[in-house]
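Colleague: A structural model of the following input is requested.
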Amino acid sequence: MRDAVAATAAQGLPVDPGSRLELARGLLRRMEGRSGGARPVSAAEVEDGVLPVVEPLARFLPAGGLRRGTTVALPAVPGATSLLLALLAEASAGGAWVGVVGRPGLGLLAAAEAGVRLERLALVPHPGADLMAVTVALLDGMDLVVVSGAARAGVRAADRQRLAARARQRGAVLLALGQWPGADVELSCADTRWQGLEAGAGRLCSRRVRVQLRGRGVAPAGRAARLLLPAPGSAVAGVAESAAEQP
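Modeller: Have a look, this model is predicted:
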């Protein structure tokens, strides 16, 4: 936990130009020192270049996981953060390194409860005007890089193409929170509904959502699945067909 909190560097950062980029490069040097190589080599690496995800997301995604070199967009709708953590959990548990840029509200406790390995998580919550440079630097050294706030930072179409090309070149997965035209895959949540409150009392224990998938390797109409995000005792679970039909 201390390592992950230190990696956020949310306090005490110098504000002179270039300091945020130096932070990203320092994170990479730190990871390189632990792994003993120029680029952290993930134990989750497999021959077909797919990073694993938890069931039932593995059955839902075209490649059975997150294909290296691709860009995945997660529109900022209710349930997006839970879906993001579910996507990161299995890969980080298998040895993948994860970097998150521009997401100061990401909770470490929620990430840990979803199964994300905090010792393999590096956060740069406030990249400011250096969002592009920080993201490029992390793509050089991480297996998965999450970027948020691209619209606020004024990321243009050419910038998105540059980041996508960097991910392909480095064999990383770029996960974009928010609208990201040109992404290889888009995963979005709809029809969200919390469960657990009965007769006006009780505790929220799970959230039922319909996850929609569009992109390469999927029929033009896309595909959808009913999932619990989060599920009782886990980050994600499938919903039985009989339960999915209930109003």
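Colleague: Now do the phi/psi pair for the residue nearest in space to the middle of the chain.
Modeller: Centroid check for the chain by Cα atoms, centre = their mean gives Leu84 as the closest residue, at 4.3 Å. Leu84 adopts backbone torsions of phi -60, psi -50, taken as degrees, to the nearest 10.
Colleague: do the same with Leu83
Modeller: Phi and psi for Leu83, reported as degrees, to the nearest 10, are phi -70, psi -40.
Colleague: picking that back up, quick check: closest non-adjacent residue to the residue nearest to the centre of the chain.
Modeller: Nearest residue to Leu84, sequence neighbours excluded (Cβ to Cβ, 6 or more residues apart in numbering): Leu74, at 5.8 Å. In short, each C-beta sits where N, CA and C put it, glycine included.
Colleague: and the one you found, bridged to which residues?
Modeller: Judged by DSSP bridges, the bridge partners of Leu74 are Leu177.
Colleague: Identify the residues contacting it.
Modeller: Ala80, Leu83, Leu84, Leu175, Ala176, Leu177, Gly178, Glu186, Leu187, Ser188 (Cβ atoms under 8 Å, 6 or more residues apart in numbering).
Colleague: same check, this time on Ala176
Modeller: Counting by Cβ under 8 Å, 6+ apart, Ala176 makes contact with Thr71, Val72, Ala73, Leu74, Val146, Val147, Ser148, Ala150, Ala183.
Colleague: Likewise for Ala224?
Modeller: Counting by Cβ under 8 Å, 6+ apart, Ala224 makes contact with Arg210, Val211, Gln212, Leu213.
Colleague: Taking the contacts of Ala176, please make a PyMOL selection of just the buried ones.
Modeller: Here is the PyMOL command that selects the buried residues among those (16 or more other Cβ atoms under 10 Å):
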select buried, resi 71+72+73+74+146+147+148+150+183
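Colleague: any idea how far the residue nearest to the centre of the chain lies from Val147?
Modeller: 11 Å (Cβ to Cβ, to the nearest Å).
Colleague: where do the contact lists of these two overlap?
Modeller: Shared contacts of Leu84 and Val147 (Cβ under 8 Å, 6+ apart): Leu175, Leu177.
Colleague: Ala96: neighbour count?
Modeller: Counted with other Cβ atoms under 10 Å, residues neighbouring Ala96 total 25.
Colleague: Secondary structure class of it, three-state.
Modeller: Remark: Ala96 carries the secondary structure label coil [criterion: DSSP: H, G, I helix; E, B strand; the rest coil].
Colleague: Give me the pLDDT value at it.
Modeller: Ala96 is assigned 92 on the pLDDT scale.
Colleague: any idea how far the closest residue to it other than its chain neighbours lies from Asp159?
Modeller: Counting by Cβ to Cβ, 6+ apart, the nearest residue to Ala96 once its immediate chain neighbours are dropped is Asp143, at 3.8 Å. Using Cβ to Cβ, Asp143 is found at 22 Å from Asp159.
Colleague: These two: which has the busier surroundings?
Modeller: Using other Cβ under 10 Å, the more surrounded residue of Asp143 and Asp159 is Asp143, with 28 against 16.
Colleague: domain parsing for this protein?
Modeller: Domain assignment for the chain by automatic domain parsing gives 2-186, 187-244.
Colleague: excluding its backbone neighbours, what's nearest Leu175?
Modeller: Val146 is the one closest to Leu175 (Cβ to Cβ, 6+ apart), at 4.5 Å.
Colleague: What residues sit buried inside stretch 116-125?
Modeller: Residues of stretch 116-125 classed as buried by neighbour count (16+ other Cβ under 10 Å): Val116, Arg117, Leu118, Arg120, Leu121, Ala122, Leu123, Val124, Pro125.
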